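Colleague: Sequence and predicted structure are below.
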Amino acid sequence: MHGTWRYTPAGTGRRAIKLLLTLNVGKKGVKSMQFHRIQQVEPWLGRSELEALNGCIERNWLTEGPAAAAFRQSMSQLTGANHVALAPNGTLGLFLALLALDLPRGSEIIIPGFTFMASASAAVFAGLKPVLVDVDPHTFTARPEAFERAITPRTSALMPVHIYGQAAYAAEIAQVGKRHGLAVIEDAAQACGVRYRGQHAGTFGDVGVISFFADKTITMGEGAAVLSREQRLARRISLLRNQGRESSGSFIHESLGMNFRVTDMQCAVGQAQMARLPQVKIDRLRRYNLFQEGLTGLAQLRFMKVDPNSEFIPFRFPILCPRMPELRDALELAGVQTRSMFYPLHRQPCLAGLIDPVDLPICDTLYGEGLCLPVHQGLQDSDVHHVIDVIRNTLSRKSSVS
Ligand SMILES: Cc1ncc(COP(=O)(O)O)c(C=O)c1O
């Protein structure tokens with residue numbers, strides 16, 4: 001007897017993905033069993049995205065064109081950024097932004113140790129040396145003081161990272177950058193729609209990057225927006241991303257560039273997703289609050305705190321617990337896909353020799369005790385209650401680890 005997993009996307013995208021386990025039972029035929037597995041990540045797609053894609057085919061226009069122009073315009077309206085360029089993904093968006101800033105090779109860029117690897121790899125590929133700082137134990141983002149303390153004569157840039165749907169202390173970090181004459185590039189990959197002190201994440205520094213990967217607040221499959229304020233930097237980004245030329249029809253290249261363009265199909269999906277953003281915020285906050293209410297009072301659990309100056313569009317429901325491995329295993333057994341928190345950058349094997357050794361105890365704790373629960377659109381309230389029950393039951397038992 002053997003089985004195959006088959007994914008059947010939920011019609012409206014509002015129900016959790018169902019997994020059909022088809023069991024081949026000898027020669028007597030096929031038996032089907034339905035399991036309800038709660039995914040960590042699930043994009044919310046439907047008719048409007050299908051119609052948007054149809055529009056591209058009907059227009060016979062696949063490369064960056066009308067849908068890209070509309071999506072850039074919408075992003076500019078949402079964020080208030082003067083200039084919006086598109087990139088194939090957040091990682092390449094950060095790389096593009098750093099190339100455009102033209103920072104001295106070998107100079108230092110200060111990055112929180114608690115972030116996705118791409119924040120650092122983009123910097124290394126742009127010829128910079130990451131200098132890592134620890135994060136606040138409550139908000140999981142690095143404070144302006146941490147950035148300021150790490151500045152040396154070799155520092156050229158600061159990279160605040162907006163994490164788990166709340167904003168980093170970007171206004172204050174941009175001020176630190178200004179005081180010291182440093183470039184500020186915001187990794188706002190997880191912060192589409194999130195404002196800090198009323199201003200959109202990614203618009204405080206010189207340049208900011210928002211990702212539209214499939215697990216992000218809104219998605220275009222893969223893709224990113226590169227936000228900038230100044231005309232000169234925006235032009236440099238524009239040239240770099242399009243083979244060093246003003247327009248795609250020309251074979252005259254005024255500078256060296258690459259191809260960081262996206263397709264109109266991605267942008268059409270992104271534009272349809274934009275209309276969903278207000279509902280995504282409402283739904284995710286509702287689920288977040290359900291989790292918070294259901295898990296309150298468990299002495300062994302700690303939660304992320306949201307800075308009162310930050311808007312919040314939950315990206316995950318992160319919890320901290322010394323018994324995290326037990327919780328993770330119990331949830332997996334109960335059909336709930338979990339995610340660990342980020343493996344801290346100062347421990348990443350690929351950065352050995354590229355960074356100076358540093359102690360980042362909060363980053364270590366977040367990885368050692370942290371677990372991410374899903375908050376996506378496909379979750380039903382009953383799914384959230386199921387997750388809460390599994391956690392409560394597990395923690396009510398005596399620890400199996402002595
Ligand atoms: C904080 C952070 N930075 C950068 C990225 C990279 O974005 P992308 O996956 O679009 O390359 C991600 C993606 O998860 C992220 O979470």
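Modeller: Thanks, I have it.

Colleague: Spatially nearest residue to the residue of the chain found nearest the ligand, not counting backbone neighbours?
Modeller: Among the residues of the chain, residue 90 lies closest to the ligand, at 2.4 Å counting by C-beta to the nearest ligand atom. Any C-beta I mention is one placed from the backbone N, CA and C, and that applies to glycine too. Distances taken as C-beta to C-beta, 6 or more residues apart in numbering place residue 211 nearest to residue 90, at 3.1 Å, with adjacent residues excluded.

Colleague: Pick out the residue nearest the middle of this structure.
Modeller: Central residue of the chain (C-alpha atoms, centre = their mean): residue 190, 3.2 Å from the mean position.

Colleague: Is it correct that that one is in contact with residue 213?
Modeller: No. Taking contacts as C-beta atoms under 8 Å, residue 190 lies outside contact range of residue 213: 9.6 Å.

Colleague: thinking again about what came up before, what is the neighbour count of the residue nearest to residue 90?
Modeller: 28 (other C-beta atoms under 10 Å).

Colleague: residues in contact with it?
Modeller: By C-beta atoms under 8 Å, 6 or more residues apart in numbering, the contact set of residue 211 is 89-90, 93, 189-190, 192, 223-224.

Colleague: can you put the residues you listed in CSV and add distance to residue 165, secondary structure and pLDDT?
Modeller: As requested, these are exported to CSV (distance: C-beta to C-beta, whole Å; DSSP: H, G, I helix; E, B strand; the rest coil; pLDDT from 0 to 100):
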residue, distance to residue 165, secondary structure, pLDDT
89, 19, coil, 98
90, 15, helix, 98
93, 19, helix, 98
189, 11, coil, 98
190, 6, coil, 98
192, 9, coil, 98
223, 19, coil, 98
224, 17, strand, 98
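
Colleague: re earlier: for the residue of the chain closest to the ligand, what are its contacts?
Modeller: Contacts of residue 90 by C-beta under 8 Å, 6+ apart are 118, 187, 189, 209-213, 224.

Colleague: if we go to 7 Å?
Modeller: Contact analysis of residue 90 by C-beta atoms under 7 Å, 6 or more residues apart in numbering lists 118, 189, 209, 211, 213, 224.

Colleague: Next: residue 289.
Modeller: Shown in contact with residue 289 (C-beta under 7 Å, 6+ apart): no residues.

Colleague: Just the pLDDT for it.
Modeller: Reported pLDDT at residue 289 in the predicted model: 97.

Colleague: which is the next helix or strand following the host helix or strand of it?
Modeller: Per DSSP states H and E: residue 289 is located in helix 277-295. Once the chain leaves helix 277-295, the next helix or strand it forms, by DSSP H and E, is strand 302-303.

Colleague: Partner strands of that following strand, with direction?
Modeller: Strand 302-303 has the following strand partners under DSSP bridges: strand 317-320 (antiparallel).

Colleague: List the contacts of the strand it pairs with.
Modeller: 164, 288, 291, 301-304, 341, 369-373, 375.

Colleague: The residue nearest to the centre of the chain reaches residue 165, doesn't it?
Modeller: Yes. The pair residue 190 / residue 165 is scored as a contact, 6.2 Å apart, by C-beta atoms under 7 Å.

Colleague: Specify the local secondary structure of residue 86.
Modeller: strand (DSSP: H, G, I helix; E, B strand; the rest coil).

Colleague: I figured it hits residue 70, correct?
Modeller: No. Under the contact definition of C-beta under 7 Å, residue 86 does not touch residue 70, with a separation of 11.6 Å.

Colleague: what about these two, which has more around it?
Modeller: Higher neighbour count among residue 86 and residue 70: residue 86, with 25 against 17, using other C-beta under 10 Å.

Colleague: contacting residues around the closest residue to the more buried one other than its chain neighbours?
Modeller: If you skip the residues right next to it in sequence, residue 86 has residue 262 as its closest partner in space, 4.8 Å away by C-beta to C-beta, 6+ apart. Contact partners of residue 262, counting by C-beta under 7 Å, 6+ apart, are 64, 68, 86, 88, 223.

Colleague: possible to save the residues you listed as TSV with distance to residue 283?
Modeller: TSV is the format used below for the contacts of residue 262 (distance: C-beta to C-beta, whole Å):
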residue	distance to residue 283
64	31
68	28
86	26
88	28
223	22
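
Colleague: in stretch 302-314, what counts as buried?
Modeller: 302, 304, 306-307, 310-314 (16 or more other C-beta atoms under 10 Å).

Colleague: Kindly report the same for stretch 120-132.
Modeller: Neighbour counts over stretch 120-132 (16+ other C-beta under 10 Å) mark 120-124, 126, 128-132 as buried.

Colleague: Likewise for stretch 206-218?
Modeller: Across stretch 206-218, burial judged by 16+ other C-beta under 10 Å covers 206-213, 215-218.

Colleague: my guess is residue 95 meets residue 122, correct?
Modeller: Yes. Contact status for residue 95 versus residue 122: in contact at 4.3 Å, counting by C-beta under 7 Å.

Colleague: Get me the contact residues on the chain for the ligand.
Modeller: Residues of the chain lying close to the ligand (C-beta under 6 Å from any ligand atom) are 89-91, 115-116, 118-119, 161, 187, 189-190, 211, 213, 224.
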